[in-house]
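Undergrad: pasting the sequence and the predicted model now:
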Amino acid sequence: MLVAAAVCPCPPLLVPEVAAGAAPELTAARAACADALGVLAAARPDLLVVVGPAEQPAGRVPYPAGATGSFRGFGVDLDVRLGGREAQELSPPPPSLPPSLAVAAWLLTRTQWADAPLEGIGVGESLTPEQCVALGRELAARAGRVALLVMGDGSACRSRKAPGYLDERAADFDREAARALGAADVEALKALDASLSYELKAAGRGPWQVLAGAAEGAGLAGQLLYEDAPYGVGYFVAAWS
């Protein structure tokens, strides 16, 4: 059963070494992420599952604790391991973490995390809302006390300088997504339109709908800790408990 969840954005710029001189622009977002992860640790879960968007044809790909990722593709000599340095090195090594899960692994290294088992799942854009919800239900049933760290961004079309340029629909989409995440509104998250999300380049749609499936019947309350679009991309942080 799901007992807690943290929702965080997943731009590599969240990592100060990647952001370099622009790092202060996301200081508030990093602080909010730390607060959200604190809610997860306080819930003392039996299992933590990290869910994030990934470009993959399979739709969903599991990543065990110990899987590694890198920010070298962003010009930074920085590697991370899901579960931190204490996680067991795996042989043969699993696929490299997608950027969203690499950011999650970095966030977890900054948190006094409990000793709960941990795993990651990359969610592809090809997963329908119904498949995402079903995956969430599956994850919630894996242990008596399950926590989710859900990585994902809102629309990337909030300004003319945004990665997806300006789309007039983006602000309303992000406003509703932020409201639903802050209110732990499961039905509103399920109702997010996959086609519109794709057009607005909202990578969080799939992971948020996984969260919605996991939270069915859990009776969790939500709190929105951060909402902004500093680079024309919607970034939200929320905690459910």
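TA: Nice, thanks for sending it over.

Undergrad: sec struct for the residue nearest to residue 17 when sequence neighbours are not counted, please.
TA: In space, and not counting its chain neighbours, residue 17 is closest to residue 76: 4.8 Å by CB to CB, 6 or more residues apart in numbering. Just so you know, the C-beta spots here come from the backbone N, C-alpha and C atoms, and that holds for glycine as well. Per DSSP: H, G, I helix; E, B strand; the rest coil, the local secondary structure of residue 76 is coil.

Undergrad: so residue 76 touches residue 18, yeah?
TA: Yes. Contact criterion CB atoms under 8 Å: residue 76 and residue 18 qualify, at 5.1 Å.

Undergrad: if I look at the residue nearest to residue 17, how far off is residue 33?
TA: The spacing between residue 76 and residue 33, counted by CB to CB, to the nearest Å, is 19 Å.

Undergrad: give me the more crowded residue out of those two.
TA: Between residue 76 and residue 33, counting by other CB atoms under 10 Å, residue 33 is the more crowded of the two (29 against 16).

Undergrad: got a list of what the more buried one touches?
TA: Applying CB atoms under 8 Å, 6 or more residues apart in numbering, we find residue 33 in contact with 6, 8, 9, 14, 107, 226, 237.

Undergrad: mind checking the backbone torsions on the residue nearest the centre of the chain?
TA: Residue closest to the mean C-alpha point of the chain, counted by CA atoms, centre = their mean, is residue 151 at 0.6 Å. Dihedral angles of residue 151 (phi, psi; degrees, to the nearest 10) stand at phi -100, psi 140.

Undergrad: now do the contacts for residue 205.
TA: 129, 152, 192, 194, 197, 198.

Undergrad: how about 6 Å then?
TA: 192, 197 (CB atoms under 6 Å, 6 or more residues apart in numbering).

Undergrad: give me the buried stretch members for stretch 104-120, please.
TA: 104, 105, 106, 107, 108, 111, 113, 116, 118, 119, 120 (16 or more other CB atoms under 10 Å).

Undergrad: secondary structure class for the residue nearest to residue 53 when sequence neighbours are not counted?
TA: Nearest in space to residue 53, with sequence neighbours left out and distances taken as CB to CB, 6+ apart, is residue 203 at 4.1 Å. Under three-state DSSP, the three-state class of residue 203 is coil.

Undergrad: could I have the helix ranked longest in the chain exported to CSV, CA atoms only?
TA: Longest helix of the chain, by residue count under DSSP state H: helix 27-42. Presented in CSV, the C-alpha positions along helix 27-42 are these (Å, rounded to 0.1, in the frame of the first residue of the first chain):
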residue,chain,number,x,y,z
THR,A,27,18.0,26.7,-5.1
ALA,A,28,14.4,26.9,-3.9
ALA,A,29,13.5,23.9,-6.0
ARG,A,30,16.3,21.9,-4.5
ALA,A,31,15.3,22.8,-1.0
ALA,A,32,11.7,21.8,-1.7
CYS,A,33,12.8,18.5,-3.1
ALA,A,34,14.8,17.9,0.1
ASP,A,35,11.7,18.6,2.2
ALA,A,36,9.6,16.2,0.0
LEU,A,37,12.1,13.4,0.4
GLY,A,38,12.1,14.0,4.1
VAL,A,39,8.4,13.1,4.1
LEU,A,40,9.3,9.8,2.4
ALA,A,41,11.9,9.0,5.0
ALA,A,42,9.5,9.8,7.8
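
Undergrad: sounds good, over and out.
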